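**Student:** Let me see the structure of the following:
(chains A and B)
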Amino acid sequence: MRKSLLALAAGLLLAGSVSAASAADKLKVGFIYLGPIGDLGWTYQHELARQALVKELGDKIETTFLENVPEGPDAERAIEQLVRAGNKLIFTTSFGYMDPTLKVAKKYPNVHFEHSTGYKRNPNMSTYSAKWYQGRYIQGLIAAKMSKSGVLGYIGSFPIPEVVSGINATILAAQTINSNIKVKIIWANTWFDPGKEADAAKALIDQGADVIMQHTDSPAAMQIASERGKLAFGQDSEMIKFGPKTQLTSILDTWGPYYIARVKAELDGTWKSEDTWGGLDSHMFAMAPYTNMPDDVKKIAEDAQAAITAGKLHPFKCPVVGQDGKPVECKGGANLDDGQILGMNFYVKGIDDKLPGR
Amino acid sequence: MELVEAIILAVLAASTPLLIAATGELVTERSGVLNLGVEGMMIVGAACGFAGAWLTGSIFIGALFGIVAGTMMSLVFALMALGLAVNQVATGLALTILGVGLSGLIGAGFVGERITPAVHLYVPGLTDIPLIGRVLFGEDAFIYFSLALVVGVWWFLYRTRPGLILRACGDNHVSAHALGYPVLRIRTLAVMFGGACAGLAGAYLPLAYTPFFIPGMTAGRGWIALALVVFSSWRPGRLVVGAYLFGAVTILQLHAQGWGVGIPSQFMSALPYLATVIVLVLLSRARTGGSTAPAALGTVFVPDR
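**Tutor:** Just a heads-up that it's a prediction; the model follows:
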C-alpha cells in the first residue's frame, strides 16, 4: 500500500518535471541527478557542467534534467521517462544508476547513455569518472605541512575503493613530509547528512585532529572546522564560503569539458562507447585555489599538481606497502595499475585503523 | 575531562532535534492521530527557519518562522486526515513528500548563505563551573527549551484535565465524543502542536546545529523521531531516555571509530538504532508488560451529528 502510493506520487512528480516542450530538430540531452541541484556538492557540480554545456552548444541542443532521483529500481523509470521524451544522449550521474542505466540502454539501442563512476558498459553506454586520488595526494602534502598536532581527521562516506584510494593517496603523500603522521578515520556511512558529518568533525577535532578532510558531500565539516579554528579541505565544490579562513583547497568536479566533448561527438555522429577515467591532465577535476597556507606550502602543492598533470608523479608509485608491511604487487610497472586503484580494498602502512569489513 | 565534556555537548546537540520533534508527535499520537509527516514538517521548518533568520538576522524570529511553517504543514494534514477523514498513513506520507519538495523550493534562494548560529548562553559564575558548567548553563537555548518542553508535556498529559481529555480522545474517541468533547477540535490542536514542534526541531538544524541550509538536511531525523515515540511507549520520560540514548550512541560510535576500536563501522552505525530499540523495549517490558499505544491511534473518526 505505502509502496504503491509512493510510486504513484513519484510517477506524478516525474511526469510533472519532464513536460518541457521541444523544437524537433535540436538534439535532446537528458541528465539524471542524485540530489537536488542546490546541494552545493556532487549534483551541483553536474548542474554547473550542464549549464556550461548549454552555454556552449545551446543553439544546437535542448537539455532536461531530473533531480532527486533515488538510486535503484526507481531510477530505471526516470531514465526511461527521458528516453520517451525524446532524449538521444542521457547522462546518469551516480554510481547507483549503473544497473538501471544498463537495463534501459539494452532496451533502447538507438539512444546513447553516459554513466558516471560505474564500470558496466554497452555498445551504447559509456562510463566516465575522474582520478580524484591525484587531488587527494596534493591534499595529503598540504595537510602534513599544515598540521601542528601531526594528526589528520578523515571523514569517509562508505568504505568503497574510490574512498579508500583517496585515504591511501592522502597518507602516502603526508608520509613524504612527516613519516610519523597519524590519520584518524571516521566512517559516516552516508554521503549526505550534515548533522552527522558535523558530529564526525567534532569528534575528530576533540580527539586531536587539526586538519579535517572529508569524502562526504555537505559543507558541515568545513563549517565546524571553521568554528573551532582548525583547517579543512572542501569536497566536490568550492566551500570557502563556509570557512574563509579554513579551506586549504578543494577538489572541484569539473565535468563541463567532458560533457561538451561528448555532446559534440553525438552531434557529429562520432559518438561511441568509451571508458573515460581522466585526471588533472584531462581536466576532469580541478583544485580550488590554495588558500590559508604559507607560500612554501603553496609551492609544494603547485609543484605536485604540475608534476601529476605532466605524468611525472604518480601517487601510487611502487613500492606501495600494505598494512601487513609487505609491498603490494606492482601490476603497472612503475606504479599500481588502474585496476588496482579502482578496486583498492586495503590500507597502506602507517594507517593504524582497520578497514571495515576486512 | 575536556573530552568527556566535549562528548556530552555533542550528544546534547545531536539529541535535541529528535527530542523536540518526538515530543510533538507524542502529543499528536496521544490524541489518536498518527501523523507520519514529521520529516516533511521538519524540513519545511528548517527551510523557513533559516529564511527567517537570514532575512531578519534574528535566531529567535527564525525559530518562530520554523514553528509557524511546521504548524501550517500540520494544518494541511489536519484538513485532509481529520476534516476529510482521509487515511492518516497515506496523508502523512504525502505530507513528507510535499515537505521535501516545498522546502527545496523555499530554500533554493538561501543555499550557500551563512548565518551566525544561535549564541551559547553564558551565566556568570555558573557556566564556568568545571565539567558541568558548560553542559548545564552554557549551550544554546534550544537545548534547555527542549527539556522544559518535555516536562511541560508530561505535566499537561498527566496532571491536567485537558491532558486527560486529550488522552481520552486517543484511547476511545467514541466515548469522548459521547461525553460531549469536541474530538476533532482537540485532535486538530494536538496535530498543530506536533507540527509546531516538528517545525522547531527542523529549524534547530540550520539555526544551531549546522548553520546553513541545504535541501534534505534533516536526513531522516523525522523518521527517527517517529520511531522514538513508538519505542518510548508514548511516555515523555522514556522519550527523553530514548532520544539521549540515541544521540549518545551516535556520538560515541563516531569517537570509537576515531580511536580505532576495530569494530566494523557498518555495525557501529547501526548501533544507535539497536541500542535504543533494545533499551526502550526492555523498559516497557519491565514496567507495563506490553504495548501502551493509544487505543484509537490512526483510526478515522467521523462524528455522527
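
**Student:** All the helices of the stretch 101-250 of chain A, residue numbers only.
**Tutor:** A:132-146, A:161-177, A:194-206, A:220-227 (DSSP state H, counting those that start in this stretch).

**Student:** Show the average pLDDT along the third one.
**Tutor:** In this model, helix A:194-206 has a mean pLDDT of 95.

**Student:** Okay, angle between it and helix A:220-227 too, please.
**Tutor:** Between helix A:194-206 and helix A:220-227, the angle comes out at 40 degrees (axes from the mean of the first three to the mean of the last three Cα atoms, to 10 degrees).

**Student:** Same list (the helices of the stretch 101-250 of chain A) but as a markdown table, adding mean neighbour count.
**Tutor:** In short, each C-beta sits where N, CA and C put it, glycine included. Output for the helices of the stretch 101-250 of chain A, formatted as a markdown table (neighbours: other Cβ atoms under 10 Å in any protein chain shown):
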| stretch | mean neighbour count |
| --- | --- |
| helix A:132-146 | 26 |
| helix A:161-177 | 23 |
| helix A:194-206 | 27 |
| helix A:220-227 | 26 |
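
**Student:** got these as CSV, with distance to residue A:61 columns?
**Tutor:** CSV is the format used below for these (distance: least, Cβ to Cβ, whole Å):
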stretch, distance to residue A:61
helix A:132-146, 28
helix A:161-177, 30
helix A:194-206, 35
helix A:220-227, 35
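
**Student:** Any chance of those helices in a markdown table with distance to chain B as columns?
**Tutor:** Formatted as a markdown table, the helices of the stretch 101-250 of chain A follow (distance: least, Cβ to the nearest Cβ, whole Å):
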| stretch | distance to chain B |
| --- | --- |
| helix A:132-146 | 16 |
| helix A:161-177 | 12 |
| helix A:194-206 | 4 |
| helix A:220-227 | 5 |
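
**Student:** among the ones you listed, which is nearest residue B:104?
**Tutor:** helix A:194-206 (14.8 Å; Cβ to Cβ).

**Student:** Which strands and helices lie in contact with the closest one?
**Tutor:** Contacting helix A:194-206 under the criterion 3 or more Cβ pairs under 8 Å, 6 or more residues apart in numbering or on different chains; DSSP states H and E are the following elements: strand A:151-156, strand A:182-187, strand A:211-214, helix A:220-227, helix B:2-30, helix B:236-259.

**Student:** Pick the most buried one from the ones you listed.
**Tutor:** Looking across the helices and strands packed on helix A:194-206 with neighbours counted as mean count of other Cβ atoms under 10 Å in any protein chain shown, the highest average goes to strand A:211-214: a mean of 30.

**Student:** Just the CA coordinates for that strand, please, in PDB.
**Tutor:** Only the C-alpha atoms of strand A:211-214 are listed here, as PDB (Å, rounded to 0.1, in the frame of the first residue of the first chain):
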ATOM      1  CA  VAL A 211      43.300  19.300   9.700                       C
ATOM      2  CA  ILE A 212      39.900  17.800   8.600                       C
ATOM      3  CA  MET A 213      39.300  16.100   5.200                       C
ATOM      4  CA  GLN A 214      36.100  14.700   4.000                       C
END
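
**Student:** any idea where the strands of chain A begin and end?
**Tutor:** Per DSSP state E, chain A carries strands over the ranges A:27-32, A:61-66, A:89-92, A:112-116, A:125-130, A:151-156, A:182-187, A:211-214, A:231-236, A:247-253, A:275-278, A:285-287.

**Student:** among the ones you listed, which is nearest residue B:109?
**Tutor:** Nearest of the strands of chain A (Cβ to Cβ): strand A:61-66, 19.1 Å.

**Student:** Okay, now the sheet partners of the closest one, with direction.
**Tutor:** With DSSP bridges as the test, strand A:61-66 is paired with strand A:27-32 (parallel).

**Student:** CA-only coordinates of the strand it pairs with in PDB, if you can.
**Tutor:** Only the C-alpha atoms of strand A:27-32 are listed here, as PDB (Å, rounded to 0.1, in the frame of the first residue of the first chain):
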ATOM      1  CA  LEU A  27      19.400  17.200 -30.100                       C
ATOM      2  CA  LYS A  28      17.800  16.400 -26.800                       C
ATOM      3  CA  VAL A  29      20.200  15.700 -23.900                       C
ATOM      4  CA  GLY A  30      19.000  14.400 -20.600                       C
ATOM      5  CA  PHE A  31      20.500  14.300 -17.100                       C
ATOM      6  CA  ILE A  32      19.600  12.200 -14.100                       C
END
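
**Student:** Could you list the low-pLDDT ranges of the stretch 251-358 of chain A?
**Tutor:** A:358 (pLDDT under 70).

**Student:** Apply 80 and report the result again.
**Tutor:** Low-confidence segments of the stretch 251-358 of chain A, defined by pLDDT under 80: A:357-358.

**Student:** Then the stretch 1-150 of chain B?
**Tutor:** Using pLDDT under 80, the stretch 1-150 of chain B drops low at B:1, B:125, B:130-134, B:138.

**Student:** Name the residues of it found near chain A, please.
**Tutor:** B:2-3, B:6-7, B:10, B:13-14, B:17, B:89-90, B:93-94, B:97, B:100-101, B:104, B:107-108, B:111-112, B:114 (Cβ under 8 Å from any Cβ of the partner chain).

**Student:** mind listing the helices for the stretch 1-150 of chain B?
**Tutor:** Counting by DSSP H, counting those that start in this stretch, the helices of the stretch 1-150 of chain B are B:2-30, B:38-56, B:59-77, B:88-107, B:132-137, B:141-159.

**Student:** a markdown table for those, including distance to residue B:284?
**Tutor:** Formatted as a markdown table, the helices of the stretch 1-150 of chain B follow (distance: least, Cβ to Cβ, whole Å):
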| stretch | distance to residue B:284 |
| --- | --- |
| helix B:2-30 | 14 |
| helix B:38-56 | 21 |
| helix B:59-77 | 27 |
| helix B:88-107 | 23 |
| helix B:132-137 | 28 |
| helix B:141-159 | 17 |
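
**Student:** Could you identify which of the ones you listed is most buried?
**Tutor:** For the helices of the stretch 1-150 of chain B, the largest average neighbour count (mean count of other Cβ under 10 Å) is found in helix B:38-56, namely a mean of 29.

**Student:** What residues does the stretch 201-350 of chain A have near chain B?
**Tutor:** A:202-204, A:206-207, A:209, A:218-220, A:223-224, A:241-242.

**Student:** Count the residues that sit near residue B:160.
**Tutor:** 11 (other Cβ atoms under 10 Å in any protein chain shown).

**Student:** what domains does the record give for chain A?
**Tutor:** As given by automatic domain parsing, the domain ranges for chain A are A:23-130, A:133-252+A:287-342.
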